[in-house]
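[1] model this:
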Amino acid sequence: MNEERYQVDNRAGWTLDIRRFYDPRLLQKDRRPVVMVPGYCMNSFILNYHPTGTSMIASLVEAGFEVWAANLRGQGDSRQTTPRVLWRREGYGFAALGLVDLPAALNFVRENTACDTDQVDLVGCSLGAPVSYVYLAHHPEDHGVGALVNIGGPLRWNLVHPLVARVLTSPRLASLVPVRGTRRAARLALPIAQRFPWLLSFYMNPSIIDLSAADELVKTIDDPNRKLTGEIARWVRDRDLMVRGRNVCHSLYSVDIPLLCIIAGQDGIVNPESALSILDHIGSHDVEVLEVGSDEMPHAHADLFISEGVQKRVFDPLVKWLQKRADLTKKEEKGA
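    The predicted structure is shown next:
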């Protein structure tokens, strides 16, 4: 598998870390490129890493897809090009991510893809899903997205885990407190989770995740952003996400693209009710839901990406769903 890295100017003071993955021997150029957007305090490392098996990105590449990982500002190796004043570095939220960075990334992919299409398939991972919703809500007609996948991301907070609600009680306080050293803290916490799994059960099931490679796993963790944290707190409090005066939930009614929702049944970060709220608001006529986890083998948030057996439970169905949508598009084009 080939990996290419680019620094893309978003024309708003940042260069974005955009990565392309493909296998020239397997690439099917008549398919849409897949653009993956990582979530909160997260970069794309976890999408191309698995402690014991094939990663999500590798699974897609082996199936003939061209995959792009879009690290937006504050993620991965994205870098600020304006003076690194603290308030400027942390002065961005959903509008900047969904209406500046994501369009810049999508335009770059369209201009540089080897695929014979002007559209992309968009995969939002965790908070990457609502960032994608923000983009679609403000571009209901000219979004250029052929299919949409939500992996554990919320839209409307119909139900909030008590711990999440407590941490985000005050939007003002959440936006004032800077947090640094998150990766170092996670490196210390993961070994503890092996001994006391209940501590992180709302986020992962340590019995199905190999935590021995903690130094590798924490590479996907980035520090949180104060303004974005404050916006998330207001979103949780108000239930609906408002961006630039627009209710994102209501604005998705006119968006009709194929949608796949992948959720973890025991997710304590984004409970199934909040992840599936997209079904009540988007105008899609082609919708599927994949829920993983059971009482015997609980699955939480991180288990959707790095758990044992996730290739069979999540990655393979994702690949098949995207392949089917690509085949349907080909038939429609031939029929036209």
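[2] show me what Asn71 bridges to in the sheet.
    Asp17 (DSSP bridges).
[3] now do the contacts for it.
    Leu16, Asp17, Ile18, Arg19, Pro38, Asn43, Ser44, Asp77, Ser78 (Cβ atoms under 8 Å, 6 or more residues apart in numbering). Bear in mind the C-beta positions are built from the backbone N, C-alpha and C, glycine included.
[4] the last one and Gly13 touch, don't they?
    No: with contact defined as Cβ atoms under 8 Å, Ser78 and Gly13 do not form a contacting pair (11.0 Å).
[5] the more surrounded of these two?
    Comparing Ser78 with Gly13 by other Cβ atoms under 10 Å, the one with more neighbours is Ser78, at 21 against 18.
[6] how many neighbouring residues does Trp321 have?
    Applying other Cβ under 10 Å, we find 19 residues neighbouring Trp321.
[7] who does the helix or strand where it lies touch, helix- and strand-wise?
    Taking DSSP states H and E as the definition, Trp321 sits inside helix 316-335. In terms of contacts (3 or more Cβ pairs under 8 Å, 6 or more residues apart in numbering; DSSP states H and E), helix 316-335 is packed against helix 56-62, strand 120-125, strand 145-151, strand 259-264, strand 287-292.
[8] report the buried residues of that helix.
    For helix 316-335, burial by neighbour count (16 or more other Cβ atoms under 10 Å) applies to Leu318, Val319, Trp321, Leu322, Gln323, Arg325, Ala326, Thr329.
[9] ok, now which ones touch the fifth one?
    Applying Cβ under 8 Å, 6+ apart to Gln323 gives the contacts Arg31, Ala63.
[10] give me the pLDDT for it.
    pLDDT for Gln323: 97.
[11] any idea how far it is from Ser251?
    30 Å (Cβ to Cβ, to the nearest Å).
[12] likewise Glu66?
    For Glu66 relative to Ser251 (Cβ to Cβ), the value is 30 Å.
[13] what do you get for Asn158?
    18 Å.
[14] quick one, which of the two is more surrounded?
    Legend: neighbour count by other Cβ under 10 Å for Asn158 and Ser251, higher for Ser251 (20 against 15).
[15] on that earlier part again, kindly export the helix holding Trp321 (C-alpha atoms) in PDB.
    Taking Å, rounded to 0.1, in the frame of the first residue of the first chain, the C-alpha atoms of helix 316-335 are listed here in PDB:
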ATOM      1  CA  ASP A 316     -15.800  -5.800   6.000                       C
ATOM      2  CA  PRO A 317     -19.400  -4.600   6.100                       C
ATOM      3  CA  LEU A 318     -18.200  -1.000   5.500                       C
ATOM      4  CA  VAL A 319     -16.200  -2.200   2.400                       C
ATOM      5  CA  LYS A 320     -19.200  -4.200   1.100                       C
ATOM      6  CA  TRP A 321     -21.600  -1.200   1.600                       C
ATOM      7  CA  LEU A 322     -19.300   1.200  -0.300                       C
ATOM      8  CA  GLN A 323     -18.700  -1.400  -3.100                       C
ATOM      9  CA  LYS A 324     -22.500  -1.800  -3.500                       C
ATOM     10  CA  ARG A 325     -23.100   1.900  -3.700                       C
ATOM     11  CA  ALA A 326     -20.300   2.200  -6.300                       C
ATOM     12  CA  ASP A 327     -21.900  -0.600  -8.300                       C
ATOM     13  CA  LEU A 328     -25.300   1.100  -8.100                       C
ATOM     14  CA  THR A 329     -23.800   4.400  -9.400                       C
ATOM     15  CA  LYS A 330     -22.200   2.600 -12.300                       C
ATOM     16  CA  LYS A 331     -25.600   1.000 -13.300                       C
ATOM     17  CA  GLU A 332     -27.300   4.400 -13.000                       C
ATOM     18  CA  GLU A 333     -24.700   6.100 -15.200                       C
ATOM     19  CA  LYS A 334     -25.000   3.300 -17.800                       C
ATOM     20  CA  GLY A 335     -28.800   3.600 -17.700                       C
END
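[16] mind listing what Trp235 touches?
    Trp157, Leu241, Met242.
[17] can you pull the phi/psi pair for it?
    phi -60, psi -50 (degrees, to the nearest 10).
[18] what does the one 3 residues further on give?
    In terms of degrees, to the nearest 10, the main-chain angles of Asp238 are phi -90, psi -10.
[19] then Gly283?
    Dihedral angles (degrees, to the nearest 10) for Gly283: phi -90, psi 20.
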